[in-house]
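Visitor: have a look at this prediction, sequence included:
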Amino acid sequence: MDCAAIRMIWIRDITRHFRDKVRLLGSISRPVMWLLIMGTGLKASFHVPGVSYPHFIFPGIIAMNLIFAAMISTISIIWDREFGFLREILVAPIPRSSIVIGKALSGSTVAFIEGLFVMAFAPLIKINISVAQLSLLLPFMFLIAFVCTSLGIVIAARMTSFEGFGVISNFIIMPMFFLSGAVFPLDNLPPWVNCIVLINPLTYGVDLLRWATLGIQTFPLMIDFLFLIIFASVMLLIGIFEFSKRD
Amino acid sequence: MNEITISVKNLSKHFSGVRAVDGISFDVKKGELFGFLGPNGAGKTTTINILCTLMVPTSGRADVNGFNVTDSPTDVRKSIGIIFQDPSLDERLTAYENLNFHGMIYHITSRRRKTRIDEVLNMVGLCPKRDSVVRTFSGGMKRRLEIARGLMHSPKILFLDEPTTGLDPQTRQYIWDYILNLARKEKITVFLTTHYMDEAEICQRVGIMDHGKIVDLDTPDSLKNKYNVSSLNEVFLNVTGRGIREEEANGKESLGTFFRARQKLR
């Protein structure tokens, strides 16, 4: 483990991120759109017992901002490859695992911050979040951001073009988001869809967030944690393997 | 001193049946200024990529500063500095940030980094641009910054892959004076590839590569005597022929060029 290298990658990615004002705008407008437009528009179509629809999707919107921001942050890997900076990192005397961990941490941090933007909308839809809830919610958000970033790294490590990454990530982000219970309850689904739901890490992430904000849960907390941690570990290992390959 | 810093034996690299490097052998001595010439696609960059541990050889072996490139890549990486053919700066960061981050991943202490950054910026004449974002730099300034970065961690061996391509004569001259001065003062071994014969002329020894093989290797004067011509340019054309070469850019490279071009338009 090389802390200097992890720190360098982290600081660099964060510096770059906050220099890009357009991306910040995107991360704020996304939750507004979903929460206000979809939250009111779909209210009539879905009935969730015991909770209002805007409240129901609130944790889902946090998860959405987390997964979008996490995936987008890993584009920096493709960017670095195209513009040569990746070689500067690859010829440096640092372990490949530190490169991957640095990337995973910087991406999670960015995604975590974008997840926080959604929290600002809580008063608007009249959700009260206590300090105790917040102290659970924040680490959960970081964990989910980390899981999504590590998945993004594995995809980006194999991609050689921006277009390819766009296609693949949309192909993954959309089903992951919709089949996670973020926007509609997941009962009465056909068995094959249910399979996807159960292997989708975001399902467990949304479950954690919904438990922390609304006290509703589908799975035992232990299962949520185990699934997320195992998933992230496997992704990191694949990522390190991908980065260790030399032509 | 006849100590050998780079030793290459029967080195080959195949890409899906194409022999980019085909059983080459050579040694570079410590403190030597060694030039690699060859038409486009001759295998020069592939050789450099193997020597700086970005690629593993298909067969044969290469040692840099006494470390094997396949078995101990980290030790090789600690010993070398490299200026790539294509730009590899982070254009959204400032000159200072580029150098500072480089220092971090080469484990230079933060106090040493501060003084060293000023030193190397001074060497390449970029002190006034210390806090400017690299995107605003001209091609020559970017090149100079890359050279400064390659020297940040005081490497024992400096690889330069076509360091002066696309630069104006003034910048070329400046960079060359600087490289020569450095090689003399700090006893750095310099391994470079170039298309400019006047640059090759300055090297102590020159290897000419074509179709993945080293076709000749000697001092510039001996080469001229051998082929009984007055310039290295004639030696080069004698050895490699006059046909024009096509270098095949892979998809990745052409996309990179496209995005770079698009960025410039903005």
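Guide: Sure thing, it's come through. Residues are numbered from 1 along each chain as shown, chains lettered A, B, ... in the order given.

Visitor: which residue is nearest the middle of chain A?
Guide: A:I67 (2.6 Å; CA atoms, centre = their mean).

Visitor: for the spatially most central residue of chain B, name its beta-bridge partners.
Guide: Taking CA atoms, centre = their mean, the centroid of chain B lies closest to B:L160, which sits 1.6 Å from it. When bridges are called by DSSP bridges, B:L160 pairs up with B:I83, B:L192.

Visitor: for it, give me its contacts.
Guide: Counting by CB atoms under 8 Å, 6 or more residues apart in numbering or on different chains, B:L160 touches B:I82, B:I83, B:G150, B:I179, B:V190, B:F191, B:L192, B:T193. (Glycine included, C-beta is placed from N, CA and C.)

Visitor: just checking stretch B:42-62 against chain A, any contact.
Guide: Yes: Stretch B:42-62 lies within reach of chain A by CB under 8 Å from any CB of the partner chain, at B:N49, B:C52, B:T53, B:L54, B:M55, B:V56.

Visitor: need those residues in TSV (columns: pLDDT).
Guide: Rendered in TSV, the data for those read as follows (pLDDT from 0 to 100):
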residue	pLDDT
B:N49	93
B:C52	93
B:T53	94
B:L54	92
B:M55	93
B:V56	94
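
Visitor: narrow those residues to those in helices?
Guide: In this view, the residues of stretch B:42-62 next to chain A that belong to helices under DSSP state H are B:N49.

Visitor: chain B contacts on chain A?
Guide: Contact residues, chain A versus chain B (CB under 8 Å from any CB): A:4-5, A:7-8, A:11-12, A:15-16, A:19, A:81-85, A:87-95, A:160-162, A:246-247.

Visitor: got the contact list for residue 137?
Guide: Because you didn't say which chain, this covers chain A. A:L137 makes contacts with A:M119, A:I129, A:L209, A:A212, A:T213, as judged by CB under 8 Å, 6+ apart.

Visitor: hmm, I had chain B in mind actually
Guide: So B:F137 contacts B:A95, B:K129, B:L145 (CB under 8 Å, 6+ apart).

Visitor: closest to chain A among these?
Guide: B:L145 (11.9 Å; CB to the nearest CB).

Visitor: residues contacting stretch A:77-93, please?
Guide: A:5, A:9, A:99, A:103, A:153, A:156-157, A:159-162, A:165, B:52-54, B:74-75, B:77-78, B:80, B:82, B:84, B:86-91, B:102, B:105-107, B:149, B:252, B:255-256, B:259-260.

Visitor: now the residue of chain A found nearest chain B: how far from B:F84?
Guide: The minimum distance from chain A to chain B, using CB to the nearest CB, falls at A:G84 (3.5 Å). Using CB to CB, to the nearest Å, A:G84 is found at 6 Å from B:F84.

Visitor: what's the offset of the lengthiest helix in chain A from the middle of its chain?
Guide: If you go by DSSP H, chain A has its longest helix at helix A:131-158. Computed by CA atoms, centre = their mean, to the nearest Å, the chain-centroid distance of helix A:131-158 equals 5 Å.

Visitor: okay, buried residues for that helix please.
Guide: Within helix A:131-158, the residues that count as buried by 16 or more other CB atoms under 10 Å in any protein chain shown are A:133, A:136-137, A:140-157.

Visitor: how about low-confidence regions in the chain?
Guide: In the absence of a named chain, this looks at chain A. Of all residues in chain A, none has pLDDT under 70.

Visitor: could you do chain B instead?
Guide: For chain B (pLDDT under 70), the answer is B:1, B:246-266.

Visitor: got the residues of it near chain A?
Guide: B:49, B:52-56, B:73-75, B:77-78, B:80, B:82, B:84, B:86-93, B:97, B:101-102, B:104-107, B:149, B:251-252, B:255-256, B:259-260.

Visitor: okay, and which of those residues map to strands?
Guide: B:I80, B:I82 (DSSP state E).

Visitor: please spell out the ChimeraX selection for the buried subset of the residues of chain B next to chain A.
Guide: A single ChimeraX command suffices to select whichever of those are buried according to 16+ other CB under 10 Å:
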select /B:49,52,53,54,55,73,75,77,78,80,82,84,87,88,89,90,91,92,93,97,101,102,104,105,106,149,255,256
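
Visitor: need the nearest residue in space to the residue of chain A closest to chain B, chain neighbours excluded.
Guide: B:S88 (3.5 Å; CB to CB, 6 or more residues apart in numbering or on different chains).

Visitor: hmm, that neighbour is touching B:I147, no?
Guide: No: between B:S88 and B:I147 there is no contact under CB atoms under 8 Å: 12.0 Å.

Visitor: give me phi/psi at the residue of the stretch 51-200 of chain B found nearest chain A?
Guide: Closest residue of the stretch 51-200 of chain B to chain A, CB to the nearest CB: B:S88 (3.5 Å). Backbone torsions of B:S88, given as degrees, to the nearest 10, read phi -140, psi 30.

Visitor: elements contacting the helix or strand harbouring A:V234?
Guide: Using DSSP states H and E, the element containing A:V234 is helix A:221-244. Identification of packing neighbours for helix A:221-244 by 3 or more CB pairs under 8 Å, 6 or more residues apart in numbering or on different chains; DSSP states H and E yields helix A:96-119, helix A:131-158, helix A:201-214.

Visitor: quick one: contacts of that helix?
Guide: If you take CB under 8 Å, 6+ apart as the criterion, helix A:221-244 is touched by A:96-97, A:99-101, A:103-104, A:143-144, A:146-147, A:150-151, A:153-154, A:157-158, A:201, A:204-205, A:207-208, A:211.

Visitor: try it again at 6 Å.
Guide: A:96-97, A:99-100, A:143, A:146-147, A:150-151, A:153-154, A:157, A:201, A:204, A:207-208 (CB atoms under 6 Å, 6 or more residues apart in numbering or on different chains).

Visitor: show me the two of the residues you listed that sit farthest apart.
Guide: Checked with CB to CB, the contacts of helix A:221-244 reach their widest spread between A:R96 and A:D207, with 33.2 Å between them.

Visitor: out of these two, which sits in the busier spot?
Guide: A:D207 (26 against 19; other CB atoms under 10 Å in any protein chain shown).

Visitor: contacts only, for the more buried one.
Guide: A:D207 sits in contact with A:Q217, A:T218, A:F219, A:D224, where contact means CB under 6 Å, 6+ apart.

Visitor: and it, how far is that from A:F68?
Guide: Between A:D207 and A:F68 the computed distance is 19 Å (CB to CB).

Visitor: with A:F58 instead?
Guide: Taken as CB to CB, the span from A:F58 to A:F68 is 16 Å.

Visitor: if you count surrounding residues, which of these two has more?
Guide: A:F58 (28 against 21).

Visitor: name the nearest residue to the more buried one, sequence neighbours excluded.
Guide: Per CB to CB, 6+ apart, closest to A:F58 is A:I127, 5.8 Å.

Visitor: element containing that neighbour, please.
Guide: Counting by DSSP H and E, A:I127 is part of no helix or strand.

Visitor: and for it, the neighbour number?
Guide: 17.

Visitor: ditto for A:R7
Guide: A:R7: 16 surrounding residues under other CB under 10 Å.

Visitor: whatever helix or strand it lives in to helix A:96-119, inter-axis angle?
Guide: Secondary-structure assignment from DSSP H and E places A:R7 in helix A:3-19. Here the directions of helix A:3-19 and helix A:96-119 differ by 40 degrees (axes from the mean of the first three to the mean of the last three CA atoms, to 10 degrees).

Visitor: by contact count, what packs against helix A:3-19?
Guide: For helix A:3-19, the packing partners by 3 or more CB pairs under 6 Å, 6 or more residues apart in numbering or on different chains; DSSP states H and E come out as helix A:96-119, helix B:95-105.
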